[in-house]
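Chemist: following is a predicted model, sequence given first.
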Amino acid sequence: MLVIENCRLAWPDFKAEYSLSVAAGTLCAVVGPSGGGKTTLLHMIAGFETPDSGCLTFAGQDLLRLEPSERPVAIVFQDHNLFPHLTAAQNVALGLRPSLRLSKGEDVLVAEMLNAVGLEGLERRKPGEMSGGQRQRVALARALISGRPLILLDEPFSGLDPGLRRSMIQLVDALRHKRPVTIVMTIHTPEDVADLADQMAYVANGQVVASGPPADILTGPLAAQIAASASEP
């Protein structure tokens, strides 16, 4: 379980205090207005931001004591964060070994992961030779192949057209049912994940205002605010 308790962060123009619990194996969708603190929440979990106080644990392990590279966390950004000079297979292989010196078994694992995300036959293509959806699949495969049990997705599909965005979210859901993994995903279009997520958290003004089953969040007192944030450009 991911447990965040009273984690406070402060900047001159923004303050945040997060409390949230996400059960192991859960797909938790994080929604809310732009600038409300969704990305900051993920960056804190990943270790890119350090709270002044509070507790942050995963599976009983204190994450605040660990450097980002030591945390059982993989993160996928909206801009893919792929290396343009590496092939799709090499970018995925970085999730296993930064040296790219793979064993034969690891080479097979990379091929299997590319196949799992629908990129079979594109192993040798570089990011510049791929579509936006294909690049996101590479980034997703790299996160999943790392074997880390907590995956953070920071609005990774917001630049895709509605049909492709929905198919990518369905792919994430399918893959997480094949391997035990907890996923926390910020998303600008809650309707795309309402029937797939186990949990939805509404974040605004640097706080988790509400958390629960998506149906309860989307039809509850915050429905109007959620609809307004989803319509933001």
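Modeler: Received it, and whenever you're ready, just let me know what you need. Numbers count the residues shown, from 1 in each chain.
Chemist: quick one: residue 180 and residue 144, what's the gap?
Modeler: Separation of residue 180 from residue 144 (C-beta to C-beta, to the nearest Å) stands at 12 Å. In this view, the C-beta of every residue, glycine as well, is placed from N, C-alpha and C.
Chemist: check residue 21 too.
Modeler: 23 Å.
Chemist: now do the buried residues in the longest helix anywhere in the chain.
Modeler: Looking across the chain with DSSP state H, the single longest helix is helix 162-178. Within helix 162-178, the residues scored as buried using 16 or more other C-beta atoms under 10 Å are 165-166, 168-169, 171-173, 175-176.
Chemist: now swap in stretch 22-32 and tell me
Modeler: Residues of stretch 22-32 classed as buried: 22, 26-32 (neighbour count, 16+ other C-beta under 10 Å).
Chemist: out of the residues you listed, which sit inside strands?
Modeler: Secondary structure defined by DSSP state E assigns 22, 27-31 of these to strands.
Chemist: what about residue 21 and residue 144, which has more around it?
Modeler: residue 144 (24 against 16; other C-beta atoms under 10 Å).
Chemist: hang on, that one packs against residue 113?
Modeler: Yes - between residue 144 and residue 113 there is a contact at 6.4 Å, judged by C-beta atoms under 8 Å.
Chemist: the residue of the chain most remote from its centre and residue 110, how far apart?
Modeler: Here the chain reaches farthest from its C-alpha mean at residue 104, the gap being 29.1 Å by C-alpha atoms, centre = their mean. Distance from residue 104 to residue 110, counting by C-beta to C-beta: 11 Å.
Chemist: repeat for residue 54
Modeler: 38 Å.
Chemist: which residues are in contact with the residue nearest to the spatial centre of the chain?
Modeler: Centroid-nearest residue in the chain: residue 153, 1.5 Å away (criterion: C-alpha atoms, centre = their mean). By C-beta atoms under 8 Å, 6 or more residues apart in numbering, the residues touching residue 153 are 75-76, 140, 172, 183-186.
Chemist: low-confidence stretches in the chain?
Modeler: Scanning the chain for pLDDT under 70 picks out the ranges 233.
Chemist: now do the helices in the chain.
Modeler: 38-46, 88-93, 104-116, 132-145, 162-178, 214-219, 223-230.
Chemist: let's have those in a markdown table, adding distance to residue 191.
Modeler: A markdown table is the format used below for the helices of the chain (distance: least, C-beta to C-beta, whole Å):
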| stretch | distance to residue 191 |
| --- | --- |
| helix 38-46 | 17 |
| helix 88-93 | 30 |
| helix 104-116 | 26 |
| helix 132-145 | 19 |
| helix 162-178 | 9 |
| helix 214-219 | 8 |
| helix 223-230 | 7 |
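Chemist: nearest to residue 59, of those?
Modeler: helix 38-46 (13.1 Å; C-beta to C-beta).
Chemist: that closest one vs strand 27-31, what angle?
Modeler: Here helix 38-46 runs at an angle of 140 degrees relative to strand 27-31 (axes from the mean of the first three to the mean of the last three C-alpha atoms, to 10 degrees).
Chemist: what's helix 38-46 in contact with?
Modeler: By C-beta under 8 Å, 6+ apart, helix 38-46 touches 2, 4, 7, 9, 14, 16, 18, 20, 30-32, 49-51, 56, 63, 68, 71, 73, 75, 150, 152, 154-155, 184, 186, 203, 206, 208.
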